[in-house]
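Trainee: Need a 3D model of the sequence below.
(2 chains)
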2 protein chains.
Amino acid sequence: MEDVFAFIENNREMYLTWLQEICRLPSVAAQNRGMKETAEMVEKILKELGAETLQVSTSGYPVVYGLFNPDKSKILSFYNHYDVQPEDPIELWDSPPFAAEIRDGRVYARGVADNKGNLMARLAAVHAYQQVRGELPLQVKFIVEGEEEIGSTSLEEFVHQHKELLRADGCIWEFGYKNADGRPQVSLGVKGMCYVELTCRGANTDLHSANAAIIENAAWRLNWALSTLKTPDERIQIEGFYDRVATLSPEDYEALDQMIYSEESMLKNLGLESFLLDLSGLPLKEKLVFQPTCTICGIESGYTGEGTKTVLPSVARAKIDFRLVPNQDPHEILRLLREHLDKHGFSDIEIEAYSLDYPARTEIVNPLTASVRDTCIEVYGMEPTLMPMSPGTGPMYVLCQSIGVPAVSVGVGNFQSNNHAPNENIFVEDYIQGIKHIAAIMEDFAKRDLD
Amino acid sequence: MEDVFAFIENNREMYLTWLQEICRLPSVAAQNRGMKETAEMVEKILKELGAETLQVSTSGYPVVYGLFNPDKSKILSFYNHYDVQPEDPIELWDSPPFAAEIRDGRVYARGVADNKGNLMARLAAVHAYQQVRGELPLQVKFIVEGEEEIGSTSLEEFVHQHKELLRADGCIWEFGYKNADGRPQVSLGVKGMCYVELTCRGANTDLHSANAAIIENAAWRLNWALSTLKTPDERIQIEGFYDRVATLSPEDYEALDQMIYSEESMLKNLGLESFLLDLSGLPLKEKLVFQPTCTICGIESGYTGEGTKTVLPSVARAKIDFRLVPNQDPHEILRLLREHLDKHGFSDIEIEAYSLDYPARTEIVNPLTASVRDTCIEVYGMEPTLMPMSPGTGPMYVLCQSIGVPAVSVGVGNFQSNNHAPNENIFVEDYIQGIKHIAAIMEDFAKRDLD
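Mentor: Residues are numbered from 1 along each chain as shown, chains lettered A, B, ... in the order given. Okay, here's the model as predicted:
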């Protein structure tokens, strides 16, 4: 692969420019900003690389699809998304979130790690391979959706209608990171998700807080309701919540044991003294990878401006995500949550469900994992660390496992990438290495025996 | 008083214009907007009415002071403030909060009920009385501060330095309301206040919520901390919190018993089925008037925009007001709160104290109350209802009780005035009647025997 790697090195600046250009489009799905332009840019690049393309419309944002070499029988697919998270709190960014500024060896932009850096590295790898070798060594499919950050709402509908577009022998999933000591991390699954917004209402208007002695406070009620969901020991108190959580196999424990997680660097980087419940070692890794969560992602009620306002709030809202593990069912969790609130006297609290994703896993031993691992040694000079499942979430079940496609996550992020947070970034060097890695994976997987 | 009342009626439009003009200045102390202009307008009006005036500078906003007839021995003072609460949530206002629009017989503006309507009614009463009778029947002092809505931070310093300016035989306090069936309500005290902001911090940056399994969530910790402060039975759980709460006297119970509180109208107006804990009758009134509170006035953490963001918040904040009753001490409550949080494992939660006011009461039987009651019958054609103490708060202790001045609250608000809330308003008719009532009180109190 030295010829392809050299070509990539010689075209670093061009590939960086590609990345900056797409990062400058603020494709915030939650707020419907810049979505059309970004989908069009992705399709344009695919076309220029020689793919047959489609923009498949859905009830939400379109899925951009690209197909290379349909006459080759071995198929590798790439799943990515062109949407990004909202950029606020904007005041905490050191450069504008859509400027894609490069400084100190990093590109800073909302979405650069999650996941425009990965999308562009894969497109750049296709470009470099074609330029050097003439054509790709296998059939390649790009599936690039626009709703990953809002729960891939339309993806299930897309999969049901277009199964033939998705058939593949393996899928490289959208994300991947180096861990705190610079070792690439490969993961083989994702957690599921049940994301809800709870709304509690009191009187029909905010009131002077002098009335608080006798009029119900929506913020207090929401606080008490939340307190029934999870206790400070981190145990989720919804009846039946843990019933379907799969027992770990000896292979799972072995994988966890071999998985490298740099506790000290992580804590130092975050300015923390310890992890939750003072965990470390195997129990820490087990909780991170295999335990479900219940997270307050946002809460708001009453006056939150400067100084004081003595107000009795009439409305309180909280956004909660539950991350689910095999074999929890997001629809069942939503039902159990409703029952829990009812049982605790909070029938009046409204639940709006935003996204419901199933958890997904790929078997630890499979040909694509082998390709990713072997080429990792070739490109990075070291074995990757293998996570049996990522603590992140995505529509992997619907897109891969439900149609029998093994999925492996690897990519250009780092443990300080600040996904979903201010100053999101990737290292320029990780991006360039990521392009090489994808090129090498295509070459290796094309030759790999699938049986 | 028919001559003065007739003059007031003939000049309704002019007095309404005065009110609109001052309401159009957005004097939001918490945000330092329009404060200087408003103080200057108040001083200018006082000067034009013939008062000796002062703008007494403090470490915060100045106190505007006006003195009429210094050679008369009987002294009535008026305590008011020229600052207002912030106007948000602005989207819930039906007309701009500083437009002072008149519709359906009401003036709508931030601050019109709390308390520019009262300030202007008192100034208008002085004007009308002087125009008809030549001069006021007694010495009158106006004390108009600019920090009531941010806890009267500088008022204690002002009182210590200017006790002689404040000496009076009685003080008409800043606020007063008609209750739900249109009966004026007179109150004789205020609750105290301990207003704090709690801040809980986790990692040094917001994180992707995939990390929630092992990294502490500031929003959860704040939620659990708040849950230890008050339980759903509305009992405040801070050790020692209730220790100094005064036992009610038989006179207090008699006053409560006679106090009219229109439960049905109140509930209907607020769109509620019941009061807190299903209270009604005497226990409801007792809780409203004589029980302390612990109120979440505002809470904020993480993502609160549209749609979803899967974020693990690094900071969570809550604004809490404790309303205190005799003989609770706000400084002691602040100390007990710190001890409580420490004892429950929340030593890391920061407390910022914004305002600390003592509760205050005036004896039920006194000459100023008698003046206010008798003239109420003259102006409104009915007895007022008497509250031994208002559930509201203000610096009454420091301004009145600490220097031996009896204080009585009466004013132009109504039970739907929406103080501190969107669409704050007063009835035009209540404003005009309020001017008459103040004129009548001056006349009556001037003649009243003080022994």
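
Trainee: give the contact list for the closest residue to A:Gly434 other than its chain neighbours.
Mentor: Closest residue to A:Gly434 apart from its sequence neighbours, by C-beta to C-beta, 6 or more residues apart in numbering or on different chains: A:Val412 at 3.6 Å. Any C-beta I mention is one placed from the backbone N, CA and C, and that applies to glycine too. For A:Val412, the contacting residues are A:Ala113, A:Gly117, A:Asn118, A:Ala121, A:Gly176, A:Ile426, A:Asp430, A:Tyr431, A:Gln433, A:Gly434, by C-beta atoms under 8 Å, 6 or more residues apart in numbering or on different chains.

Trainee: where does the last one fall, helix, sheet strand or coil?
Mentor: Right, A:Gly434. Following DSSP: H, G, I helix; E, B strand; the rest coil, A:Gly434 is assigned to helix.

Trainee: thinking again about what came up before, quick check, nearest of the contacts of A:Val412 to B:Ser390?
Mentor: Nearest to B:Ser390 out of those is A:Ala113 (C-beta to C-beta; 55.6 Å).

Trainee: so what's that closest one up against?
Mentor: By C-beta under 8 Å, 6+ apart, the neighbours of A:Ala113 are A:Phe175, A:Tyr177, A:Val412, A:Gly413, A:Asn414, A:Ser417, A:Asn418, A:Asn419, A:Glu424, A:Asn425, A:Ile426.

Trainee: residue ranges of the helices in the stretch 51-200 of chain A, please?
Mentor: Secondary structure of the stretch 51-200 of chain A (DSSP state H, counting those that start in this stretch): helices located at A:117-133, A:155-161, A:163-166.

Trainee: which other helices and strands contact the shortest one?
Mentor: The reference is to helix A:163-166. Contacts defined by 3 or more C-beta pairs under 8 Å, 6 or more residues apart in numbering or on different chains; DSSP states H and E place helix A:163-166 against strand A:139-145.

Trainee: pLDDT of the strand it packs on, averaged?
Mentor: The pLDDT scores in strand A:139-145 average 98.

Trainee: Check what contacts that strand and list those residues.
Mentor: If you take C-beta under 8 Å, 6+ apart as the criterion, strand A:139-145 is touched by A:42, A:46, A:51, A:61, A:63-83, A:119, A:122-123, A:126, A:152, A:154-155, A:158, A:165-166, A:168, A:395, A:399, A:442.

Trainee: List the strands paired with that strand, with their directions.
Mentor: Strands adjacent to strand A:139-145 in the sheet, as given by DSSP bridges, are strand A:63-68 (antiparallel), strand A:75-81 (parallel).

Trainee: Could you export the ones you listed as TSV, including mean neighbour count?
Mentor: TSV is the format used below for those (neighbours: other C-beta atoms under 10 Å in any protein chain shown):
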stretch	mean neighbour count
strand A:63-68	23
strand A:75-81	25
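
Trainee: can you put those strands in CSV and add mean pLDDT?
Mentor: Below are the strands paired with strand A:139-145 laid out as CSV (pLDDT from 0 to 100):
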stretch, mean pLDDT
strand A:63-68, 98
strand A:75-81, 98
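
Trainee: Let's have those in CSV, adding distance to A:Phe241.
Mentor: Output for the strands paired with strand A:139-145, formatted as CSV (distance: least, C-beta to C-beta, whole Å):
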stretch, distance to A:Phe241
strand A:63-68, 33
strand A:75-81, 29
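
Trainee: most packed of the helices of the stretch 51-200 of chain A?
Mentor: helix A:117-133 (a mean of 24; mean count of other C-beta atoms under 10 Å in any protein chain shown).

Trainee: Now do that helix, average pLDDT.
Mentor: Taken as a whole, helix A:117-133 carries a mean pLDDT of 98.

Trainee: what angle separates that helix from strand A:63-68?
Mentor: 20 degrees (axes from the mean of the first three to the mean of the last three C-alpha atoms, to 10 degrees).

Trainee: Let me see the contact set for A:Leu277.
Mentor: A:Leu277 neighbours (C-beta under 8 Å, 6+ apart): A:Asp233, A:Glu234.

Trainee: what do you get for A:Thr231?
Mentor: A:Gln237, B:Trp224.

Trainee: Quick check, pLDDT for it.
Mentor: Reported pLDDT for A:Thr231: 97.

Trainee: Distance of it relative to A:Arg183?
Mentor: 36 Å (C-beta to C-beta, to the nearest Å).

Trainee: before we move on, what about A:Asp104?
Mentor: With C-beta to C-beta as the criterion, A:Asp104 and A:Arg183 are 21 Å apart.

Trainee: again with A:Pro391
Mentor: 17 Å.

Trainee: higher neighbour count, those two?
Mentor: More crowded of A:Pro391 and A:Arg183, by other C-beta atoms under 10 Å in any protein chain shown: A:Pro391, with 23 against 18.

Trainee: Name the nearest residue to that one, ignoring sequence neighbours.
Mentor: Per C-beta to C-beta, 6+ apart, closest to A:Pro391 is B:Ala210, 4.1 Å.

Trainee: that's a strand at the one you found, yeah?
Mentor: No: read with three-state DSSP, B:Ala210 is helix and lies in no strand.

Trainee: show me what contacts it?
Mentor: Neighbour list for B:Ala210: A:Lys191, A:Arg323, A:Ser390, A:Pro391, A:Gly392, A:Thr393, B:Thr310 [criterion: C-beta under 8 Å, 6+ apart].

Trainee: one more time with 10 Å
Mentor: Neighbouring residues of B:Ala210 by C-beta atoms under 10 Å, 6 or more residues apart in numbering or on different chains: A:175, A:190-191, A:288, A:293, A:295, A:321, A:323, A:390-393, A:419-420, B:310, B:312.

Trainee: re the thing from before, export the helices of the stretch 51-200 of chain A to CSV and tack on distance to B:Thr38?
Mentor: Listed next are these as CSV, based on distance: least, C-beta to C-beta, whole Å:
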stretch, distance to B:Thr38
helix A:117-133, 53
helix A:155-161, 56
helix A:163-166, 66
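
Trainee: how about those helices, which one is nearest B:Arg361?
Mentor: So among the helices of the stretch 51-200 of chain A, helix A:155-161 is nearest, using C-beta to C-beta, at 65.0 Å.

Trainee: for that closest one, the distance to its chain's centre please.
Mentor: Centre-to-centre, helix A:155-161 and its host chain are 19 Å apart (C-alpha atoms, centre = their mean, to the nearest Å).

Trainee: packing partners for it?
Mentor: The criterion is 3 or more C-beta pairs under 10 Å, 6 or more residues apart in numbering or on different chains; DSSP states H and E, and the helices and strands that helix A:155-161 contacts are strand A:63-68, strand A:139-145, helix A:163-166, strand A:350-357, helix A:396-399.

Trainee: now do the same end-to-end measure for stretch A:356-364.
Mentor: End-to-end distance for stretch A:356-364: 25 Å, by C-alpha to C-alpha, to the nearest Å.

Trainee: and that stretch, which residues are buried?
Mentor: Buried residues in stretch A:356-364, counted by 16 or more other C-beta atoms under 10 Å in any protein chain shown: A:Leu356, A:Asp357, A:Tyr358, A:Pro359, A:Ala360, A:Arg361, A:Thr362.

Trainee: That one near chain B at all?
Mentor: No: using C-beta under 10 Å from any C-beta of the partner chain, stretch A:356-364 never reaches chain B; the gap is at least 11.0 Å.

Trainee: pLDDT averaged over that stretch, what's the number?
Mentor: In this model, stretch A:356-364 carries a mean pLDDT of 92.

Trainee: Could you tell me how many residues sit around whichever residue of the stretch 301-450 of chain A sits closest to chain B?
Mentor: Nearest residue of the stretch 301-450 of chain A to chain B: A:Gly307, at 3.3 Å (C-beta to the nearest C-beta). Residues near A:Gly307, counting by other C-beta under 10 Å, number 20.

Trainee: Now do the same contact list for the spatially closest residue to it that is not a sequence neighbour.
Mentor: For A:Gly307, ignoring the flanking residues on the chain, the nearest one in space by C-beta to C-beta, 6+ apart is B:Ala30 at 3.3 Å. B:Ala30 sits next to A:303, A:305-309, B:83-86, B:147, B:149-151, B:354 when contact means C-beta under 10 Å, 6+ apart.
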